[in-house]
Each structure stands twice: as C-alpha cells, then as structure tokens.
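[1] Okay, predicted coordinates and the sequence, questions at the end:
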Amino acid sequence: MTSTKKILELNAFDMATSEGLSPEAASLIARRWRTFGPTSMLFYKRPLNLVRGEGVWLFEADGTRYLDAYNNVPSCGHCHPKVVSAVTDQMGTLNTHTRYLYGIVYTYAERLLATFPAELSNIVFTCTGSESVDLALRIARTVTGGTGFIATENAYHGNTSLVTEVSPSSASAEQRPANIFLVPAPDTYRHGVEEASRRFTQSVAQALRQMKEASIKPAAMIADSILSSDGVYPGEKGFLNDAASLMRQAGGLYVADEVQPGFGRTGESMWGFQRHGIVPDLVVMGKPMGNGYPIGGVVAKPAHLAAFGASSGYFNTFGGSPVAAAAGLAVLDVLESEGLQANARETGSYLLAGLQDATSGHDRVGDVRGAGLYVGFEFVRSKGSREPDQRAATFAVNALRERGILIGTAGLNGNILKIRPPLCFMHEHADQLIDAMKATLSELE
C-alpha cells in the first residue's frame, strides 16, 4: 500500500538539489532557503519562476506560458482588470482599520449575504481562511459548551494552532488531541455512491459514541463539501445531511468549509453545501473571495454569533477593510457579469466527460470524478486492485508541467490529481488539458 502523504510532501521540490535548473532558478532557490529556512516548500521537480499572470495563464521568466488548472485563489482569473482596478482605486482613496464606519463594507456584506439561505444572515470578516475556521471553531465551542470536533481523516482547513488540529493532512508527528475525532471520507470509487454515503454516516455516529464514552461534549463537525484534500469526492447530493443531523442531535454544530467549493465552483450553486440541500450553522470562506487579495469570512446564524459575542467578541484589524470589500465586490460583479458559475457547470461537465473518455482504456486510471470546475483524477496500480499509485500521480503532475499544464495532487495516499482552474477556464482550455493528459498517460505506460 502506498504510504500516507502529508499535504506539504505532495509534489514537493527537493530543496537540497539544483540539478537541471537554470543558474537564475538555482540562485533564487538558494536565496529562498537562506531567508525562509527549512519550512519553505516549492512545487515540481523543476520549480517555476513566475513573473506574470493573466486569466487562466501564468508566465515564467523565460517567457514560457502555462495553462493554470490548479489555482482556485484567482477565482475570476489571474489579475482580472476589474478586481485590479477596484483594489487600486480604493487603496488610493482610503484603507485603515475596521473600527470606523465605511459604506462599501456594508454594501459588500449585504451583497454577499444575499447569496446565502435566509437563516445565515450575519457575517464576520477576517483576512484568511485559516482565521475564518479558527473563529468558527471558537464560536462552536462557545455556543455548545463542547470541545469535541469531527473532521475527515485527510482534511485541510488551515494552519493556526487550533485549526491544524482538524487538518490532519498538514499535521506534524505530534499526537492528535483527544477531543479531535477523524472519520474516513466517503470513497465513492471503492464503495459506490450509496454505500460510501452510508459508511460516512456510520463513521460520524461512531465518533459521536466515542466522544460520549470519553465524556467529551460535541462542539461541531467541519467538512469541505467536495472533500478536496481527501481526494475530491463530490458524492451523491445530500450525503452530508444525515451526518450533520447526527451532530446536531448530539448538541453540536455543522460547519461548512467553502474555501474551495464555494463561489460557484461546483457549478450547480453558489455554495458547495447547497448541492446537498443543507443549511449549515456556520460557513467559512477565504482565498477566492478577493481573487488573490487577502480576505476571509464567517457567515453565521444570528443566534450563534450573538452567543459568542456575549462572552468573547472579535476584532480583526484588516478583516473587512475598505480595500478588502472593494476586492470582494469586484469578484461578485465578475462572477455575475461573466456568468462564471454557469461556465463552471458547463465547462466542468465538458472537461469531466472528456477526461473520462480519454482515459477509459488506461488500466492505471481508476476513477475520474468531479462537480463543476473541480475534478479528481485517481491513479491506481491497476483497475483490478484499485491500489493507490502515488508515483504515477507525481509523474503525471511533473509531465503535465513540462507540457505547459499546472495541476496538483491530493488524497490520503497522494495518488489523486486535483484539477481546479480559475472559473474563466473554457472549452479550448479543457481540450488542451485533455490532449496533454492523453500524451502523459501514453508516456506513463
């Protein structure tokens, strides 16, 4: 069986070597190592030296152009002119801390909250997804009086001290706290959709029983509704509902992490949790909100936020600043004016069907699955064994990079390609990715 891989180990460059690198790249790596130290990570066997981005394209210092099929942060596309203009104009007008009144911030809050179910009508702005999750977990503990959390076994939710505890894909060798309970993601490839959903619900029920036996009161279950880091499992619509109901019956909350599936990426709806017809207690957002400008948020049911505010309160110097609000408003404008959610649905279906057709005869491709412009591409040693093949995935990522395509890897065993391009990704870009994947698979065999 392939060994478990942590998120920072996936597709990582060996910082101790400069073999095959240009003198300029080798010099930059040496400077990075000297200034950032050993915690600094880079992608690919031959790291990228990027100097410019535009739409779905990234450009290296030597002029090489790459199709970006990986970065969900620039949700509207790299350096979108409307976002750049909005941020620049507001930065040139006013940007200070959040203890004053600014009309643009409330305009943004109202526009954003209008995309949520009516029950979720309050928002707290932060600077990052990690801050958002940290705050949501604190709210859950205050509201419920509990400390027990459930997360999936290879989830990534952020990197604060508290959030790392529910982010096993990035956890160190330190022992997991006793109040954190991990459950397997619903593996629809190996168990089928219905059975995988049933197993997931049973795992949550078992975790709640274990909490009770340990005299730990439940606080919340947190889940990314497309299970990105677990390997991209969109699953059957509604598979989260029974698990969330069990948590609520036990006195806990359901926290939806929308950093990756949100803002129209899954195509069918603005938010990933809406695919499942469920209303979370708390929703956390981050990266794509500002198309690269740092902004995050927690959307909450008013009663939960009131309970937290009565005992703790919260202040974030730059969370929801005028410039952050300008970036967020521009993103909402672009999503609407350019029909990016509809494009995610239509182009995503086209890409998924094309990849499935192109790989149907390859024994080392176990499954290709997805929702909208979020696709998981799973490598196995053979279709018969369904054993994860991490080496094949790493080979494919680097081979695609040499063919001008950027993607990443995910999953407990690092054997799943994670395809999540900016939402302006069109048919011609999908065709380029499909053709490059065909050539890569031929080379792999």
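    Received the coordinates, thanks.

[2] rest of the way, CA atoms for contacts and neighbours
    OK.

[3] State the pLDDT value of the residue most central in space within the chain.
    When C-alpha atoms, centre = their mean is applied to the chain, the residue found nearest the centroid is residue 260 (3.0 Å). Each residue has a pLDDT score; the one for residue 260 is 94.

[4] Repeat that for the one 10 residues further on.
    On the pLDDT scale, residue 270 is placed at 97.

[5] quick one: contacts for it?
    Contact criterion C-alpha atoms under 8 Å, 6 or more residues apart in numbering gives 115, 262, 263, 264, 341 as the residues in contact with residue 270.

[6] Just the buried subset of those, please.
    In terms of neighbour count (16 or more other C-alpha atoms under 10 Å), the buried residues within the contacts of residue 270 are 262, 263, 264, 341.

[7] Leaving out the residues flanking it, which one is nearest to residue 232?
    The spatial neighbour of residue 232 that comes closest, neighbours along the chain excluded (C-alpha to C-alpha, 6 or more residues apart in numbering), is residue 376 at 5.1 Å.

[8] how about the helices in the stretch 151-300 of the chain?
    In the stretch 151-300 of the chain, the segments counted as helices under DSSP state H, counting those that start in this stretch are 161-164, 188-191, 193-213, 241-249.

[9] Counting by contacts, list what the longest one packs against.
    So that's helix 193-213. strand 148-152, strand 180-183, helix 188-191, helix 241-249 (3 or more C-alpha pairs under 8 Å, 6 or more residues apart in numbering; DSSP states H and E).

[10] hang on, the earlier thing: quick one: which of the contacts of residue 270 is nearest to residue 150?
    Here the nearest of those to residue 150, counting by C-alpha to C-alpha, is residue 262; it sits at 20.9 Å.

[11] Redo the helices of the stretch 151-300 of the chain as a markdown table? Include mean neighbour count.
    Listed next are these as a markdown table, based on neighbours: other C-alpha atoms under 10 Å:
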| stretch | mean neighbour count |
| --- | --- |
| helix 161-164 | 16 |
| helix 188-191 | 15 |
| helix 193-213 | 18 |
| helix 241-249 | 18 |
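
[12] For residue 423, which of the ones you listed is the nearest?
    Using C-alpha to C-alpha as the criterion, the shortest distance between residue 423 and the helices of the stretch 151-300 of the chain is 25.3 Å, found for helix 188-191.

[13] Tell me how far the closest one lies from the chain's centre.
    In terms of C-alpha atoms, centre = their mean, to the nearest Å, the centre of helix 188-191 is found 21 Å from the chain centre.

[14] Give the residue spans of the protein that score low on pLDDT.
    Applying pLDDT under 70 to the predicted model, the residue ranges of the chain that meet it are 1-20, 171-174.

[15] re the thing from before, you'd agree the residue nearest to residue 232 is in a strand?
    Yes. According to DSSP: H, G, I helix; E, B strand; the rest coil, residue 376 belongs to a strand.

[16] pretty sure it is touching residue 356, no?
    No. Contact criterion C-alpha atoms under 8 Å: residue 376 and residue 356 do not qualify, at 10.9 Å.

[17] list residues touching both of these two?
    Counting by C-alpha under 8 Å, 6+ apart, the common neighbours of residue 376 and residue 356 are residue 368.

[18] more crowded one of those two?
    Relative neighbour count places residue 376 above the other of residue 376 and residue 356, with 25 against 17, counting by other C-alpha atoms under 10 Å.

[19] out of everything not next to it in sequence, what's closest to residue 203?
    In space, not counting the residues next to it along the chain, residue 203 is nearest to residue 183; the distance is 5.8 Å by C-alpha to C-alpha, 6+ apart.

[20] Hmm, the one you found is touching residue 151, no?
    Yes. Between residue 183 and residue 151 there is a contact at 6.3 Å, judged by C-alpha under 8 Å.

[21] Please confirm that residue 328 is located within a strand.
    No. Secondary structure of residue 328, determined by three-state DSSP: helix, with no strand assignment.

[22] quick one on the thing from earlier: format the helices and strands packed on helix 193-213 as CSV; extra columns: distance to residue 273.
    As requested, these are arranged in CSV below (distance: least, C-alpha to C-alpha, whole Å):
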stretch, distance to residue 273
strand 148-152, 16
strand 180-183, 19
helix 188-191, 18
helix 241-249, 10
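
[23] between the ones you listed, which gets nearest to residue 119?
    For these, proximity to residue 119 was assessed by C-alpha to C-alpha; helix 241-249 is nearest, at 15.9 Å.

[24] hmm, back to that, residue 128 is nearest to which of the helices and strands packed on helix 193-213?
    When the helices and strands packed on helix 193-213 are ranked by distance to residue 128, counting by C-alpha to C-alpha, first place goes to strand 148-152 at 19.7 Å.

[25] number of nearby residues for residue 95?
    For residue 95, the count of nearby residues is 14 (other C-alpha under 10 Å).

[26] Next one: it from residue 101, what distance?
    Here residue 95 is placed at a distance of 12 Å from residue 101 (C-alpha to C-alpha, to the nearest Å).

[27] what does residue 201 give?
    Spatial separation of residue 201 from residue 101 under the definition C-alpha to C-alpha is 45 Å.

[28] For residue 280, state which of the buried ones among the contacts of residue 270 is nearest.
    When these are compared for distance to residue 280 (C-alpha to C-alpha), residue 262 wins out at 13.4 Å.

[29] Spatially nearest residue to the closest one, not counting backbone neighbours?
    Sequence neighbours aside, residue 271 is the residue nearest to residue 262 in space, at 4.5 Å (criterion: C-alpha to C-alpha, 6+ apart).

[30] residues touching the nearest residue to residue 240 once chain neighbours are set aside, list them.
    Once flanking residues are discounted, residue 240 sits nearest to residue 276: 6.8 Å by C-alpha to C-alpha, 6+ apart. Contacts for residue 276 (C-alpha under 8 Å, 6+ apart) come out as 237, 238, 239, 240, 241.

[31] what does residue 130 give?
    Residues in contact with residue 130 (C-alpha under 8 Å, 6+ apart) are 157, 158, 159, 160, 163, 286.

[32] returning to that earlier point: the residue nearest to residue 262 contacts residue 258, doesn't it?
    Yes. Taking C-alpha under 8 Å as the contact criterion, residue 271 and residue 258 are neighbours in contact, 6.8 Å apart.

[33] shared neighbours of the two, which are they?
    With contacts defined as C-alpha under 8 Å, 6+ apart, no residue is shared by residue 271 and residue 258.

[34] Test my guess that residue 412 contacts residue 231.
    Yes. Taking contacts as C-alpha under 8 Å, residue 412 lies within contact range of residue 231: 7.2 Å.
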